[in-house]
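In: next one to model:
(one chain, ligands or ions: 2)
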Amino acid sequence: MEGEPEKWILMVTARTPTNIAVIKYWGKRDETLILPINDSISVTLDPNHLCTTTTVSVSPSFDRDRMWLNGKEISLQGGRFQSCLREIRARAQDVEDKKKGIKIKKEDWQKLHLHIASYNNFPTAAGLASSAAGLACLVFSLAKLMNLKEDNSQLSAIARQGSGSACRSLYGGFVKWIMGKEDDGSDSLAVQLADEKHWDELVIIIAVVSARQKETSSTSGMRDTVETSALIQHRAMEVVPKRIVQMEKAIQNRDFPSFARLACTDSNQFHAVCLDTYPPIFYMNDTSHRIISCVEKWNRAEGTPQVAYTFDAGPNAVMIARDRKTASLLLQRLLYNFPPQSDTNLDSYIIGDKSILEDAGIKDMKDVEALTPPPEVKDTILPTQKSKGDVSYFICTRPGGGPVVLSDETQALLDPLIGLPK
Ligand SMILES: Nc1ncnc2c1ncn2[C@@H]1O[C@H](COP(=O)(O)OP(=O)(O)OP(=O)(O)O)[C@@H](O)[C@H]1O
Ligand SMILES: C[C@@](O)(CCOP(=O)(O)OP(=O)(O)O)CC(=O)O
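Out: Residues are numbered from 1 along each chain as shown. Ligands and ions are numbered 1, 2, ... in the order given. Sure, this is the predicted structure:
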């Protein structure tokens, strides 16, 4: 190690997206290495609306590894954080910053300590896959700080050990997590199927459904499913392998009807194996079911799917519309069925890409109140049957790009002089 003794701090800041699976990962064959029982496919969400930003720093003046999440110090002692840190340190390379006069030899990384600060621009642990974006960002930013030679696919195998779904956040666009065969997990990694430009008409609307903190984490839920469900083996061995092939083809051909059909049925089957778990796991609630029925009725009335829906381990709906026009029609339907509570303003009810709201011709609450029932709903829903407040808010977004390093130092979350959160 060279440079002014004890004084220098070197840091890297990166931004990483979250992702939503359209063919779900559910069930592990190895709990420690996080090896799944089937392949999965996801869409990366635009980091402009949902992302994690992480600053990682190293200095000889740090006396232990420390991490702050959304401004609050958290423990790094957990096995998953420790696996990621160990795997990255083992691959660290020599680093030189000529401007600052810093030289770190690869063996020095074993004794140097890290300070890490991370911020999610969306609610943490609310079923919006913060762990996926968070763990992917941790691994990606540390890999840049320690000058790793591995490509994003190899880094995904490290992020996987932090949280399975995190491995798919190392790429933008459409991503496949290959389950792999090896016992050591070396071939269980993510690959990009197509980048975000390949199918850029798609629009994504997320309904954040009001809910208490979820009762069953993905980790324990999938463990119980593997132990008790009779259906999960059939899903993993027979159903998913075929769907993976069909989904890859649908993405390649931008075939929306096939894409939507596969995404919806796979989400439904995932929730069916949750119900088949003993004791049963319920992630969706009444609001989730009503959203499904609203989309299904419309798709049926049009004769071909306009919108796909998918739900992870919680009640939030992720809807994928075939294009902007469809997305604005979807938003009208959603606002008709799930209007905001009287004291909520529209600006905080629809967040993200608000231009979809403009397309839908909705400027204020008066426009929401004036919405008429969509044609596929024969019997007009009485105003009392509309569910004010069942949805907390909607996020409008689209498929987006993968991790990036933020070179603008003003975006760092740690103070460059003392290495503590700004
Ligand atoms: N930015 C981050 N950096 C590092 N770890 C994070 C970050 N954000 C979240 N995590 C980790 O993920 C945990 C939350 O994961 P959890 O699975 O409970 O929620 P979620 O990922 O938001 O929801 P879901 O998995 O249902 O989509 C946090 O307690 C923390 O350990
Ligand atoms: C329903 C899912 O979102 C499950 C995600 O599970 P996690 O990746 O959160 O689980 P661990 O690997 O135990 O951390 C489906 C998916 O993202 O494929």
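In: on the three-state scheme, the closest residue to ligand 1 within the stretch 1-150 of the chain is what?
Out: Closest residue of the stretch 1-150 of the chain to ligand 1, CB to the nearest ligand atom: residue 134 (2.3 Å). The way it works is simple: take the backbone N, C-alpha and C, and place the C-beta from them, glycine included. Using DSSP: H, G, I helix; E, B strand; the rest coil, the structure places residue 134 in helix.
In: could you find the closest non-adjacent residue to it?
Out: In space, and not counting its chain neighbours, residue 134 is closest to residue 52: 5.0 Å by CB to CB, 6 or more residues apart in numbering.
In: what's around residue 242, how many residues?
Out: 10 (other CB atoms under 10 Å).
In: could you verify that it is part of a helix?
Out: Yes: following the definition three-state DSSP, residue 242 is counted among the residues of a helix.
In: how close does the residue nearest to residue 162 when sequence neighbours are not counted sit to residue 282?
Out: In space, residue 162 comes closest to residue 135 once its chain neighbours are excluded; the distance is 3.3 Å by CB to CB, 6+ apart. Going from residue 135 to residue 282 by CB to CB, to the nearest Å gives 26 Å.
In: same question, residue 169
Out: As judged by CB to CB, residue 169 and residue 282 stand 27 Å apart.
In: between the two, which has more neighbouring residues?
Out: A direct count of neighbours by other CB under 10 Å for residue 169 and residue 282 places residue 169 higher, at 35 against 13.
In: for the closest residue to the more buried one other than its chain neighbours, give me its contacts.
Out: Excluding the flanking residues, the one nearest residue 169 by CB to CB, 6+ apart is residue 136, at 3.5 Å. Residue 136 makes contact with 16, 17, 52, 156, 159, 162, 166, 167, 169, 170, 403, according to CB atoms under 8 Å, 6 or more residues apart in numbering.
In: try it again with 7 Å
Out: Residue 136 sits next to 16, 159, 166, 169, 170, 403 when contact means CB atoms under 7 Å, 6 or more residues apart in numbering.
In: now do the last one, the pLDDT please.
Out: Per-residue pLDDT puts residue 403 at 98.
In: so what's the residue count around it?
Out: 28.
In: could you double-check that it lies in contact with residue 12?
Out: No: using CB atoms under 7 Å, residue 403 is not in contact with residue 12; the gap is 11.5 Å.
In: now do the helix ranked longest in the chain: everything it contacts.
Out: Ranked by residue count and defined by DSSP state H, the top helix of the chain is helix 256-275. Helix 256-275 is contacted from outside by 22-24, 26, 221, 225, 229, 231-232, 235, 239, 243, 246-247, 250-251, 280-281, 283-284, 304-305, 308-311, 320, 322, using CB under 7 Å, 6+ apart.
In: now the residues you listed: which count as buried?
Out: 22-24, 26, 221, 225, 229, 232, 235, 239, 243, 247, 250-251, 281, 283-284, 305, 308-311, 320, 322 (16 or more other CB atoms under 10 Å).
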